[in-house]
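Enquirer: kindly return the folded structure for what I paste below:
(chains A and B)
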Protein chains: 2
Amino acid sequence: MLDAAKEIAHVLGEDAVSFDADVLEHHGHSDWSTSNSSERAVAVVYPRSTDDVVRIAQICHERRVPMVPFGAGSSVEGNFSQPHSGICIDFAYMDKVIAFHPDDMDVVVQPGVNWVDLNSRIAHAGLFAPLDPSPTATIGGMVSTNCSGTNAMRYGTMKDWVLNLTVVLADGTIIKTRRRPRKNSAGYNLTSLFVGAEGTLGIVTEVTLKLAPIPQDTSVAVVAFPSIGDAAAAASKLIRSGIQLAALEMMDEAQMRLLNQHGSETVRKRHWAEQPTLFLKFSGTTDAIKSDASRASSIIKPFSGGSKFHFARSKQDEHDLWAARKEALFTMVSTRPPGTEIWSTDVAVPVSRLPEIIELSKAECGQLGIFASVIGHVGDGNFHVAMLYDPSNAEQKQAVARCVHNMMDRALEMEGTVSGEHAIGIGKKECLVDELGEDTIELMRTLKLAMDPKWVMNPGKVFDLKTHAKREG
Amino acid sequence: MLDAAKEIAHVLGEDAVSFDADVLEHHGHSDWSTSNSSERAVAVVYPRSTDDVVRIAQICHERRVPMVPFGAGSSVEGNFSQPHSGICIDFAYMDKVIAFHPDDMDVVVQPGVNWVDLNSRIAHAGLFAPLDPSPTATIGGMVSTNCSGTNAMRYGTMKDWVLNLTVVLADGTIIKTRRRPRKNSAGYNLTSLFVGAEGTLGIVTEVTLKLAPIPQDTSVAVVAFPSIGDAAAAASKLIRSGIQLAALEMMDEAQMRLLNQHGSETVRKRHWAEQPTLFLKFSGTTDAIKSDASRASSIIKPFSGGSKFHFARSKQDEHDLWAARKEALFTMVSTRPPGTEIWSTDVAVPVSRLPEIIELSKAECGQLGIFASVIGHVGDGNFHVAMLYDPSNAEQKQAVARCVHNMMDRALEMEGTVSGEHAIGIGKKECLVDELGEDTIELMRTLKLAMDPKWVMNPGKVFDLKTHAKREG
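Expert: Sure, this is the predicted structure:
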C-alpha cells in the first residue's frame, strides 16, 4: 500500500500525497459519525482532474490497494472510513464549476464543490440545486449517499437531480453515464446505479446536476400539537391534500425544550410550546402561498387542540421560525454534556406507520434516562433519533445500540428501510441484509464483482464479500 | 425452443401456452412500431403468478431459450419483438391490483395492469399514478421503457414513481429490489437499474408505485405563435419562471392544420390558428391556478405577436382545448392516406437547443414532400416527429430513415439523447453507441453478462453481444 502511495506521489507530485498522521486521522474518523473503524489509510491523495483519478485507480488496481473517496467527511455511517486501510482520495482540489448552463437549467461540477457555495454562485440566474443535507456536504458525497434533507418532500432526493456522471472505474476506465437532456430513456440507468453506491462501484469525478427555478416566494408556518399522533395525523391530511408543501418537518417536545433552553437568542425568545411541533414550508407564487397556507390552517385545526397556526408575517419572521428547525441538530451537539457522544440515526417507513414507530421508539429511548429526541421529515415518512450517551459507560452504550437496532427492526416490520438518507456505510450492513434478504444482496455482490473483481473500490461498505471470499482468496 | 414451450405447457397447463399463428403474429409485429423484426416467437405463454414466471425462466434458462416479455404491445422501437425467436411471455392474466395503501399513497400491482384502469380504480381515494403514455400501456411495459408523456414536466418519468420491483432473474431467482418507504438510501438502487432495462436483466412480476394526490383543480390555456422560435422562447421563460405547470406541450402548424381538417367535431369547430401552438396545463389549488395563469399570460405576451391567451373558462372548455393535444396522434394515424405508414420517433435535447433542432428537422423533413409534423413535450426538451410515407417506395422510405438519423445525430451534437421516452429496443441500438461510446456500452454489457450469462433475457435489445461473442460461443 505504501508503495502505491509512493508511486502516486511520483506520478502526481509530492504535494498531491500526504502521510501526515493528523491528516490521516482527520480522514479516518468523525465525531459526528455513529460508525468509525480503527484502521486508517496509509496516505491521503489529492487529485486535481479526472486524469489524476485515472492514474490513482490504475496504480491501486494494479497493486490491489483499496481506494476510499473522501468528500467533506460529514457522512454519519462510516461511509468514508477505511476498515481495510488503503488510499484515501480527497476531492478538496476538484472543486470547480466546469460549466453552468442557465438556459438549460443545469450545471456541471467537480465532486469537491460544496452545495451551499454552488447555490450562492448560481442564484443570480434564479436557479438552485434543491437538496438540503449538512451545509458542509460536497456534491460527490451527496451523490454517493443519495442524500436529501428537508426539501425532499417537494423536490425528491439526490438521485432525482443527477443528469449524468463521469466515473472512473476500478481499472481506470473513464465512462460517462449519459448526456445532458432532462429526460432520457436510452439504455440502462447507470447514473442511478452510481448514485447511492458509496463509491463501491467507481469514483465519481464529474456531476451534471439538473437545477430548479428559485420559487418566487416562500413562507413558513409552525403549529404545536397535543401528541405525536395528532401531529402525524395532521401531517397525513396535509400530504394527501395536494397542497404543494416545500417541506413538512416535525420536532418532538424534547427538541423544543432544548431550543427554549439552549437555542440562539432569536430562537429562545419565542418561548416555544414544549410539545410535538410541525414546521411547514410553503413555496411558489405569493398568491399561491397565501391560498395554500389558509387551506393548510383549516386542515390542521381539528388536530392541534387549539394551538395557534403561526404563519410568518414577514421575511424576518419566516427566517426566525425556520431557524428553530435548522438549529436543532447543532444546538444538541454544541450543548451536550462533556464526555457524551451523539448517536444519530435515521429510518423511513410508509407514511401511515410514522406515528406508531416514533411513539414506540421514543418510549423505549425514554426508559434509558438519557437525552433522546426525534426530528422527522414527516412528509417522506423519514425520521431521525438522536441520543446523547456516555461512551465510557459500556452498559449505556450497549443499551443505546439496542434501542437503535430495535428501531430498525421495527422499521423493517413496517415494510420500511434502515436508511432513509444516510446510506449504509459500515454501520448498517447487517441491517441491510435483514431489509433485502440474501438473494438481493447477492445480486448487488454480483454487480460489484463484475465491475470491481479485485474488490478495491471502498471495500467493506454496503455489504461484505462473504460467500465470494473463496473466489477472491 | 419448441421443447421448452411444450415443457411449459406441461408444467403450467395447455391453456397457458399458445402456438396459434395469428397469436404469434400479433405478439411479434406492430403497425405502430418503427422497428419490427421478421422472426416470431415459437409460442406465447401466459403466466398467472410470479411462481409461474419462475418456472418459465427455469425451463428457458436450462435450455438457453430467449424470453421476451410482452405488455400491451404499444411500444414503438421493437422493444417486444423477437429477433432471436424464443418464448414470448404475455402478462395479460397478471393484471391484479395486489394491495392498495391509500394512507401510504402507494399501490402494489402486477405488470399486466393498465394504467388508465388503475387510475379509475383508485380515484375515489384522491390519488393517481401521474404518468401519461399511450392509454393502452400496461405497468410492466411502462417500467421497462421508463415511459413518461405530457405529465413528465411536473411529475417526472416512470423511474420517479417506482418504489420497488419484484423481479425474476434469468435463472428463476426471485428478488425484491426494495421495501415500501417513499424515501430510501439503503444499498444499490436496483429499482432504477431494472426501470428502462426493457426486460434484458430480469422479468418484472410485481411493481409498487408511489402515488400523487389528485390536484384540487386543473386548467388549460392555449396560445398560437408566429414561429417555432417564438413559441420555444416563451416556453423557456415559462419554465424558468417557477410557475408550477403540469404540462407544457407544443404542436406545429402542420399538426394544427390537420386538426382543423380531420379533428373530432369538438376540436374542428374551434378553427385553430395554423401556427405553432403552446398548450399549457395548470394544476393545484383553484386560487393558485388563477394566479399562475395570469403570470403565464404576461410572460408569454411579448412572444405571441398579439395572439390571444385562451384560458379555459369552464371544465368543458378545459376538456375541449386539451382534446386537441390528446387527439393529435390518433387523428394523424386514422386519416393517413391508404398504403402509407407512420414513422414516429422522439429525441430530447437540453431545453435551450429545442427551437434549433425542431427548425432544422422540420426544414429537412419538409423537403421530402410528405406529411411531417412535430409534437413537443417542450417542458422537458423532448419532441416527436411523425412522418407519413409509402413503404412500397424504397427511395422515400430511405429518405425518411435518413431524416430520422440526421435528427438523432443533431440531438447528439447538442448533447441530447436519441430516446427521450421510447427506450432503445432494436430500432436505436447503433444510435445508443453513438450517444454513449463503446466504454459505457461495454459496462452495460458487463452488467448484463453478470446477470444473464446465457444472454436469454430479451436478447438483441438495447445493445448487442458483440465483443463478448467469443466468450459465449
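Enquirer: A:Val347: what secondary structure?
Expert: Here A:Val347 is strand, with the state taken from DSSP: H, G, I helix; E, B strand; the rest coil.
Enquirer: hmm, it is touching A:Glu421, no?
Expert: No. Judged on Cβ atoms under 8 Å, A:Val347 makes no contact with A:Glu421 at a distance of 10.0 Å. For every residue, glycine as well, the C-beta is placed using N, CA and C.
Enquirer: more crowded one of those two?
Expert: Taking other Cβ atoms under 10 Å in any protein chain shown, A:Val347 and A:Glu421 do not tie; A:Val347 has more neighbours (30 against 26).
Enquirer: hey, what's that one bridged with?
Expert: Taking DSSP bridges, one finds A:Phe383 as the beta-bridge partners of A:Val347.
Enquirer: just to check, A:Gly78 is in contact with A:Asn36?
Expert: Yes. In this structure A:Gly78 lies within contact range of A:Asn36 using Cβ under 8 Å: 5.9 Å.
Enquirer: can I get stretch A:72-85 as CSV, trimmed to CA atoms?
Expert: Only the C-alpha atoms of stretch A:72-85 are listed here, as CSV (Å, rounded to 0.1, in the frame of the first residue of the first chain):
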residue,chain,number,x,y,z
ALA,A,72,-16.5,16.7,3.3
GLY,A,73,-16.3,14.0,5.9
SER,A,74,-19.8,14.8,7.1
SER,A,75,-21.5,11.4,6.5
VAL,A,76,-22.5,9.5,9.6
GLU,A,77,-22.4,5.8,8.8
GLY,A,78,-18.7,5.4,8.4
ASN,A,79,-19.1,5.8,4.6
PHE,A,80,-15.6,7.2,4.2
SER,A,81,-13.8,5.2,6.9
GLN,A,82,-11.0,2.8,5.8
PRO,A,83,-11.6,-0.6,7.5
HIS,A,84,-9.1,-2.2,5.1
SER,A,85,-6.7,0.7,5.1
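Enquirer: hmm, that stretch touching chain B?
Expert: No. Shown here: stretch A:72-85 not in contact with chain B (Cβ under 8 Å from any Cβ of the partner chain), separated by at least 9.6 Å.
Enquirer: tell me the mean pLDDT for that stretch?
Expert: Averaging pLDDT along stretch A:72-85 yields 94.
Enquirer: return the set of buried residues in it.
Expert: For stretch A:72-85, a neighbour-count test (16 or more other Cβ atoms under 10 Å in any protein chain shown) marks A:72-85 as buried.
Enquirer: buried ones in whichever strand or helix holds A:Asp287?
Expert: Assigned by DSSP states H and E, A:Asp287 falls within helix A:286-300. Buried residues in helix A:286-300, counted by 16+ other Cβ under 10 Å: A:287-293, A:295-297, A:299-300.
Enquirer: export those residues to JSON lines and tack on distance to chain B and pLDDT?
Expert: JSON lines is the format used below for the buried residues of helix A:286-300 (distance: Cβ to the nearest Cβ, whole Å; pLDDT from 0 to 100):
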{"residue": "A:Asp287", "distance to chain B": "4", "pLDDT": "82"}
{"residue": "A:Ala288", "distance to chain B": "4", "pLDDT": "84"}
{"residue": "A:Ile289", "distance to chain B": "9", "pLDDT": "90"}
{"residue": "A:Lys290", "distance to chain B": "8", "pLDDT": "89"}
{"residue": "A:Ser291", "distance to chain B": "4", "pLDDT": "87"}
{"residue": "A:Asp292", "distance to chain B": "6", "pLDDT": "91"}
{"residue": "A:Ala293", "distance to chain B": "11", "pLDDT": "94"}
{"residue": "A:Arg295", "distance to chain B": "6", "pLDDT": "93"}
{"residue": "A:Ala296", "distance to chain B": "10", "pLDDT": "96"}
{"residue": "A:Ser297", "distance to chain B": "13", "pLDDT": "97"}
{"residue": "A:Ile299", "distance to chain B": "12", "pLDDT": "97"}
{"residue": "A:Ile300", "distance to chain B": "16", "pLDDT": "97"}
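Enquirer: ok so, going back, mutual contacts of A:Val347 and A:Glu421, please.
Expert: A:Asn382 (Cβ atoms under 8 Å, 6 or more residues apart in numbering or on different chains).
Enquirer: domain parsing for chain A?
Expert: When chain A is parsed with automatic domain parsing, its domains come out as A:2-90, A:97-213, A:217-413.
Enquirer: among those domains, which is nearest B:Ala21?
Expert: domain A:97-213 (32.5 Å; Cβ to Cβ).
Enquirer: can you tell me the SS state at A:Glu206?
Expert: Secondary structure for A:Glu206, judged by three-state DSSP, is strand.
Enquirer: in space, what's closest to it - neighbours in sequence excluded?
Expert: Using Cβ to Cβ, 6 or more residues apart in numbering or on different chains and skipping residues adjacent in sequence, the residue nearest A:Glu206 is A:Thr166, 3.6 Å away.
Enquirer: same deal with A:Thr173?
Expert: The shortest distance from A:Thr173 to any non-neighbouring residue, by Cβ to Cβ, 6+ apart, is to B:Asp439 (5.6 Å).
Enquirer: still on that earlier bit, winner for burial among the domains of chain A?
Expert: Highest mean neighbour count among the domains of chain A (mean count of other Cβ atoms under 10 Å in any protein chain shown): domain A:97-213, with a mean of 22.
Enquirer: what's the end-to-end length of it?
Expert: End-to-end distance for domain A:97-213: 19 Å, by Cα to Cα, to the nearest Å.
Enquirer: kindly report the same for stretch A:124-131.
Expert: One end of stretch A:124-131 sits 18 Å from the other (Cα to Cα).
Enquirer: and that stretch, how far out from the chain middle?
Expert: Stretch A:124-131 has its C-alpha centroid displaced from the chain centroid by 19 Å (Cα atoms, centre = their mean, to the nearest Å).
Enquirer: can you map out the helices along the stretch 51-200 of chain A?
Expert: Remark: helices assigned in the stretch 51-200 of chain A by DSSP state H, counting those that start in this stretch are A:115-122, A:139-145, A:152-155, A:190-194.
Enquirer: and the residue nearest the centre of chain A?
Expert: In chain A, the centroid-proximal residue (Cα atoms, centre = their mean) is A:Cys147; its distance is 3.7 Å.
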